[in-house]
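Participant: When you get a sec, could you give me coordinates for this:
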Amino acid sequence: MNAQGADDRPAIPPHVPADLVVDFDYMNDPLLIEDPHAAYMRLVGKRGLVFTPRNGGHWIATRQKMIGEIFQSPALFSNFPRTIPRTASAGKPAPFSDIDPPDNAKYRRLLQQALGPSSVARFEQQAVDTMIELTEAVRPHGACDFAVEIAQKLPIFIIMKWLDLPFADRFRLLEVTDNILGHPDPAVRKAAKVAVGDYVDAVVRERRAAPGDDLVSFMSNGQVEDRMVTHEEARAMVTNLVIGGLDTVRNMMSFFALFLARNDRHRRQLVEDPELIPSAVEELLRWFAIPNMGRSVVRDMEFHGVAMKAGEMILLPLVLAGRDDESHADAMTVDFARRPNRHMTFGAGAHGCPGLHLARIELRIFLKEWLARIPDFAVKPGAKPVTRGGVILAVQSLPLVWNG
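Facilitator: Numbers count the residues shown, from 1 in each chain. Have a look, this model is predicted:
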């Protein structure tokens, strides 16, 4: 390993065309700490596929239609292993998140019962109350680190309450989640997965013995097909919910806030016409797609004119899907009135994000309540937001200022 923890670069496989080779490390590229989305835009072109020798060597798809095709082709591109490099993957596939269709459908049905629109709607008022409280707490100060004081709290307070986990545990869970999704050392990422799994294991055991009115209890005692879930199945599904619930929305919120802090015209649009907020959420989801999904090649084949070998890995950066000029008219313009807006930020196919309904609620409420109270804000002069790459693109610090 090099000093940053990524795998040493192997020789380029002989079947990889030289003109498709790039030197890009999705965990450590230097531009990721300044503008992670710009880091990816350098990869666009070259038949929609490139190959990097970093992190064990893997393919990267750069076009939305190709990414969608891969999502919809589990017989060619398996969901296990999906972590790049392969050494960061678990030893066996976990129920739902790692299992290919149609076998994952039984788990997805259970998740959809828990995370469907009618189930998450009950959290809307809690999200409103929490966002107002958080905003009012910082408003008189004229400044805050948005990533820490707002984005790290709204979605996390909601998911911790829904899971009925102690709020004090959020710091421990945030640390391991960040390591799973963004640490450059595969060994640290793998150890973090074990740590969060061990934490969830004890909670699932407790809720199977004494269920409550919470999401862990629901998942731990749910039905798949004609039987109750096993302990291991419940453990895997709840682990997936913990990681997703603690990470994705908080980083998306920070990217939204960063964009509005730097773009007065767009911010004024939403302040003057809050009815635009739902469509603005969709447009900013397209613009700031933050997941980088992985798949493994099932067999030797030719894909879009490129030879691929069984066992090779391929990265699917959803930001490149969202900014693809072949799939979106005027793709590099942020347009809050965009119609249609067929982005792929929540994935596609059998492994589309099950938490998309709650995510949309939280993002919409954030924009409405924050802009109603702090309509004019900017990045603190002289300060630089801190971002990182990884499985999920993240904002670690976002210093904002406004007139209190």
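Participant: where does the stretch 201-350 of the chain have low pLDDT?
Facilitator: Scanning the stretch 201-350 of the chain for pLDDT under 70 picks out no residues.
Participant: all helices for the stretch 151-300 of the chain, in order.
Facilitator: 154-163, 170-182, 186-209, 215-220, 231-262, 264-272, 277-287 (DSSP state H, counting those that start in this stretch).
Participant: For residue 146, find the nearest of those helices.
Facilitator: Among the helices of the stretch 151-300 of the chain, helix 231-262 comes nearest to residue 146, with 4.9 Å by C-beta to C-beta. No exception for glycine: its C-beta is placed from N, CA and C like everyone else's.
Participant: Give the buried residues for stretch 36-45.
Facilitator: If you call a residue buried by 16 or more other C-beta atoms under 10 Å, then stretch 36-45 has these buried ones: 36, 37, 39, 40, 43.
Participant: swap in stretch 313-330?
Facilitator: Buried-residue list, stretch 313-330, by 16+ other C-beta under 10 Å: 313-324, 327-328.
Participant: quick check, nearest of the buried residues of stretch 36-45 to residue 263?
Facilitator: residue 37 (14.2 Å).
Participant: Could you look up the SS state of the closest one?
Facilitator: helix (DSSP: H, G, I helix; E, B strand; the rest coil).
Participant: That one and residue 319 touch, don't they?
Facilitator: Yes. Judged on C-beta atoms under 8 Å, residue 37 makes contact with residue 319 at a distance of 5.1 Å.
Participant: Looks like residue 357 contacts residue 120 (just checking).
Facilitator: Yes. Residue 357 lies in contact with residue 120 (C-beta under 8 Å); the separation is 4.9 Å.
Participant: about what we covered before: what do residue 37 and residue 319 both touch?
Facilitator: 288, 393 (C-beta atoms under 8 Å, 6 or more residues apart in numbering).
Participant: can you pull out the strands in the stretch 51-200 of the chain?
Facilitator: Using DSSP state E, counting those that start in this stretch, the strands of the stretch 51-200 of the chain run over residues 58-61, 77-78, 143-145.
Participant: contacting residues around the second one?
Facilitator: Going back to what we said before, that points to strand 77-78. By C-beta under 8 Å, 6+ apart, strand 77-78 touches 70, 100, 295, 296, 297, 298, 314.
Participant: just those now: which is nearest residue 338?
Facilitator: residue 70 (24.6 Å).
Participant: Which residues are in contact with the closest one?
Facilitator: With C-beta under 8 Å, 6+ apart, residue 70 has these contacts: 61, 76, 77, 295, 314, 316.
Participant: change it to 7 Å
Facilitator: The contact partners of residue 70, by C-beta atoms under 7 Å, 6 or more residues apart in numbering, come to 61, 77, 295, 314, 316.
Participant: Also residue 26?
Facilitator: Counted by C-beta under 7 Å, 6+ apart, residue 26 has contacts 55, 292, 315, 389.
Participant: swap in residue 382?
Facilitator: Residue 382 neighbours (C-beta under 7 Å, 6+ apart): none.
Participant: switch the cut-off to 10 Å
Facilitator: residue 399 (C-beta atoms under 10 Å, 6 or more residues apart in numbering).
Participant: now residue 91
Facilitator: By C-beta under 10 Å, 6+ apart, residue 91 lies in contact with 81, 190.
Participant: ok, so what distance separates it from residue 374?
Facilitator: 48 Å (C-beta to C-beta, to the nearest Å).
Participant: got it, and residue 279?
Facilitator: According to C-beta to C-beta, residue 279 stands 21 Å off from residue 374.
Participant: just residue 217 next, same as before
Facilitator: 38 Å.
Participant: go on, residue 129?
Facilitator: Distance from residue 129 to residue 374, by C-beta to C-beta: 17 Å.
Participant: got it, and residue 398?
Facilitator: Remark: distance between residue 398 and residue 374 (C-beta to C-beta) = 13 Å.
Participant: what's the overlap in contacts for these two?
Facilitator: 144, 257.
Participant: more neighbours, these two?
Facilitator: residue 398 (26 against 20; other C-beta atoms under 10 Å).
Participant: what sits against the more buried one?
Facilitator: Taking C-beta under 10 Å, 6+ apart, we find residue 398 in contact with 144-151, 253-255, 257-258, 261, 379-380, 383-387.
Participant: Equivalent analysis for residue 162, please.
Facilitator: Neighbours of residue 162 in contact, by C-beta under 10 Å, 6+ apart: 114-115, 119-120, 122-123, 126, 214-216, 218, 241, 245, 358.
Participant: Weed out the non-buried ones from those residues.
Facilitator: 114, 115, 119, 120, 123, 214, 215, 216, 218, 241, 245, 358.
Participant: want to try CSV for the residues you listed, with distance to residue 160 as columns?
Facilitator: Formatted as CSV, the buried ones among the contacts of residue 162 follow (distance: C-beta to C-beta, whole Å):
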residue, distance to residue 160
114, 16
115, 16
119, 17
120, 15
123, 12
214, 10
215, 10
216, 11
218, 16
241, 11
245, 8
358, 13
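Participant: Just the closest of the residues you listed to residue 201, please.
Facilitator: The shortest approach to residue 201 among the buried ones among the contacts of residue 162 belongs to residue 216, at 11.4 Å (C-beta to C-beta).
Participant: Is the closest one in contact with residue 207, as I believe?
Facilitator: Yes. The pair residue 216 / residue 207 is scored as a contact, 4.9 Å apart, by C-beta atoms under 10 Å.
Participant: Quick check: neighbours shared by those two?
Facilitator: Listed as contacting both residue 216 and residue 207 by C-beta under 10 Å, 6+ apart are 163, 164, 234, 238.
Participant: Highest neighbour count among the residues you listed?
Facilitator: residue 234 (28 neighbours).
Participant: ok, the spatially closest residue to that one that is not a sequence neighbour - contacts?
Facilitator: Nearest residue to residue 234, sequence neighbours excluded (C-beta to C-beta, 6 or more residues apart in numbering): residue 220, at 4.1 Å. By C-beta under 10 Å, 6+ apart, the contact set of residue 220 is 200, 203-209, 211, 214, 228-229, 231, 233-235, 237-238.
Participant: circling back to that earlier point, so which of the helices of the stretch 151-300 of the chain comes closest to residue 27?
Facilitator: Across those, closest to residue 27 is helix 170-182 (C-beta to C-beta), at 7.4 Å.
Participant: For that closest one, which residues meet the burial criterion?
Facilitator: Going by 16+ other C-beta under 10 Å, helix 170-182 has these buried residues: 170, 173, 176, 177, 178, 179, 180, 181, 182.
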